[in-house]
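Asker: Starting from these lines, generate the structure:
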Amino acid sequence: MVCAAFSLTWIISTCSSPDYPMADFDNALNGVGKHAPPKDFVCPITSHIFDDPVTLETGQTYERKAIEEWFNRGNLTCPITRQKLQNTQLPKTNYVLKRLIASWKDRNPHLVQPPYESPYEDTEAVVQSTTPSTSPNSVITQATVDGMMSELRCAINNLYMSEVLKESETAVLQVEKFWRGVNLGVDIHRMLVKPAIINGFMEILFNSVEPQVLQAAVFLLAEMGSRDNAVIETLTRVKTDVECIMALFKNGLTEAVVLLYLLNPPITSLTEMGIVESLITVLNTKEEELVTMCLKPKTAAVLLLARITGSTEEIIAASAVNTLFSENAIGTIVSSFGADLAKERIAAVEILLKCMEEDGTCRSNIADKAELSPLLETLIGADDGDRFKIIQFFAELVKLNRYKNFIFIIILI
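Answerer: Residues are numbered from 1 along each chain as shown. Prediction:
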């Protein structure tokens, strides 16, 4: 009876929470405009619709078979919150949730997924469906492919199942090796994106002190997050995860800036951690010293600085601009005019506009260092909002009486 009451309390609180309005819940049941099951109907371990949902004392719900396997492997924590559980004996089925799912399935038979299988069987299915067939001309024999796949599966298992930190650290490096260069014809991303595995990476970030391991873990999380927003949702579900990544970045893990940009934490959190100086450090780092990632660390740093200096809280924006002045970073920001991505060039314009607003005497410094032709190219393909920012930037420089010709160019464009 206690378990049943707990389940009922959980489902009512979930449906009536601000993040999950009752109206939206009703619409989800009717399948109106929805192309996927409601997120609360899906197990975070298996990514499948619940068949036998059980709700733990942490308030998280899992498929019974999946959480049983988690416990059978010696884990005593909730996979999502990582909170140590007082009791690993599973409660009764959450029948309220089960009935809601059954009702939704009746209304949306075309969206019903196949039944859940073990995560390990799922990994096998990924491998079997994507491993290339062998031929006499194959560079890698089938035996070699099978051996590598066995190594990869073992590494993934150790990553989030092993209680030995050294084993998990080794696993991260092995997974990174496969991700970067070994073509097995397998969708490694699909094998890694389950929330329990993402949380395994976070355990590494919390506990490891090995720079190479930390770099590899941040690299993999950023690569996966850039491809799949579900990874970002998993990471932002627990506030301390984002705080951990910010702390690692502030302590010198440069690659973490890309993951921070993808996580998009509140500006107040970034400034409370004193992150602006660390962003400037990234900008001053030589390109060849930075890891190749889904987004250049320097680009991520400029984009984050634009968010901070563009804050609606004047104290935050002014403090960031003053730090740019004190660190003599204006020239570094100007160098982003030559960046490959237009959004980095626009971000640099936004930052410099804020700097000129705070202290007009910096116009001369900007004008001395700026190569403006890339901005003219950006202006041609920009939307109205970005065009306005670029024109506003040129208008500020015209006040120096050096760039009056740009007014005529802008008018022609």
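
Asker: Which parts of the chain belong to which domain?
Answerer: According to automatic domain parsing, the chain is divided into the following domains: 2-115, 117-129+143-237, 257-413.

Asker: now those in CSV, with distance to L248?
Answerer: Yep, even glycine has a C-beta here, placed from its N, CA and C like the rest. CSV is the format used below for the domains of the chain (distance: least, C-beta to C-beta, whole Å):
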stretch, distance to L248
domain 2-115, 17
domain 117-129+143-237, 6
domain 257-413, 9
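
Asker: and of those, who's closest to I245?
Answerer: Smallest distance to I245 across the domains of the chain (C-beta to C-beta): 5.7 Å, for domain 257-413.

Asker: State the mean pLDDT of that closest one.
Answerer: The pLDDT scores in domain 257-413 average 89.

Asker: repeat for stretch 212-225
Answerer: The pLDDT scores in stretch 212-225 average 96.

Asker: Same list, the domains of the chain, but as JSON lines with distance to F249 and mean neighbour count please.
Answerer: As requested, the domains of the chain are arranged in JSON lines below (distance: least, C-beta to C-beta, whole Å; neighbours: other C-beta atoms under 10 Å):
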{"stretch": "domain 2-115", "distance to F249": "21", "mean neighbour count": "16"}
{"stretch": "domain 117-129+143-237", "distance to F249": "9", "mean neighbour count": "18"}
{"stretch": "domain 257-413", "distance to F249": "6", "mean neighbour count": "17"}
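
Asker: Name the single longest helix found in this protein.
Answerer: helix 142-161 (DSSP state H).

Asker: Output that helix as CSV, nothing but the C-alphas.
Answerer: Extracted in CSV, the C-alpha atoms of helix 142-161 (Å, rounded to 0.1, in the frame of the first residue of the first chain):
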residue,chain,number,x,y,z
GLN,A,142,35.8,-10.3,-39.7
ALA,A,143,37.7,-11.8,-36.8
THR,A,144,39.5,-8.5,-36.2
VAL,A,145,36.2,-6.6,-36.3
ASP,A,146,34.6,-9.0,-33.9
GLY,A,147,37.5,-8.6,-31.5
MET,A,148,37.3,-4.8,-31.7
MET,A,149,33.6,-4.9,-31.1
SER,A,150,34.1,-7.1,-28.1
GLU,A,151,36.6,-4.5,-26.8
LEU,A,152,34.2,-1.6,-27.4
ARG,A,153,31.3,-3.4,-25.6
CYS,A,154,33.6,-4.2,-22.7
ALA,A,155,34.8,-0.6,-22.5
ILE,A,156,31.2,0.7,-22.5
ASN,A,157,30.2,-1.7,-19.8
ASN,A,158,33.2,-0.8,-17.6
LEU,A,159,32.6,2.9,-18.2
TYR,A,160,29.3,2.9,-16.3
MET,A,161,29.2,-0.4,-14.4
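
Asker: Beyond it, next helix or strand please.
Answerer: Downstream of helix 142-161, the first helix or strand assigned by DSSP states H and E is helix 165-181.

Asker: relative to helix 142-161, how tilted is that following helix?
Answerer: Using axes from the mean of the first three to the mean of the last three C-alpha atoms, to 10 degrees, one finds that helix 165-181 and helix 142-161 are set 130 degrees apart in direction.

Asker: Centre of the chain to helix 165-181, how far?
Answerer: Relative to the centre of its chain, helix 165-181 is centred 19 Å away, using C-alpha atoms, centre = their mean, to the nearest Å.

Asker: swap in stretch 55-63?
Answerer: In this view, stretch 55-63 has its centroid 24 Å away from the chain centroid, taken as C-alpha atoms, centre = their mean.

Asker: What of stretch 47-67?
Answerer: With C-alpha atoms, centre = their mean as the basis, stretch 47-67 stands 24 Å off its chain's centre.

Asker: again with stretch 49-69
Answerer: With C-alpha atoms, centre = their mean, you get 25 Å for stretch 49-69.

Asker: What of stretch 267-287?
Answerer: 18 Å.

Asker: Can I get it as PDB, trimmed to CA atoms?
Answerer: What follows is stretch 267-287, C-alpha atoms only, in PDB (Å, rounded to 0.1, in the frame of the first residue of the first chain):
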ATOM      1  CA  ILE A 267      24.500  33.700 -17.300                       C
ATOM      2  CA  THR A 268      24.400  34.300 -13.600                       C
ATOM      3  CA  SER A 269      25.900  30.900 -13.000                       C
ATOM      4  CA  LEU A 270      28.700  31.600 -15.400                       C
ATOM      5  CA  THR A 271      29.500  35.000 -13.800                       C
ATOM      6  CA  GLU A 272      29.300  33.600 -10.200                       C
ATOM      7  CA  MET A 273      32.000  31.100 -11.200                       C
ATOM      8  CA  GLY A 274      34.200  34.000 -12.600                       C
ATOM      9  CA  ILE A 275      34.300  32.300 -16.000                       C
ATOM     10  CA  VAL A 276      35.200  35.400 -18.100                       C
ATOM     11  CA  GLU A 277      38.900  35.200 -17.300                       C
ATOM     12  CA  SER A 278      38.900  31.500 -18.300                       C
ATOM     13  CA  LEU A 279      37.200  32.400 -21.600                       C
ATOM     14  CA  ILE A 280      39.900  35.000 -22.400                       C
ATOM     15  CA  THR A 281      42.500  32.300 -21.600                       C
ATOM     16  CA  VAL A 282      41.000  30.100 -24.300                       C
ATOM     17  CA  LEU A 283      41.100  33.000 -26.800                       C
ATOM     18  CA  ASN A 284      44.800  33.600 -26.100                       C
ATOM     19  CA  THR A 285      45.600  29.900 -26.600                       C
ATOM     20  CA  LYS A 286      47.300  28.900 -29.800                       C
ATOM     21  CA  GLU A 287      45.000  27.100 -32.300                       C
END
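
Asker: Thank you, goodbye.
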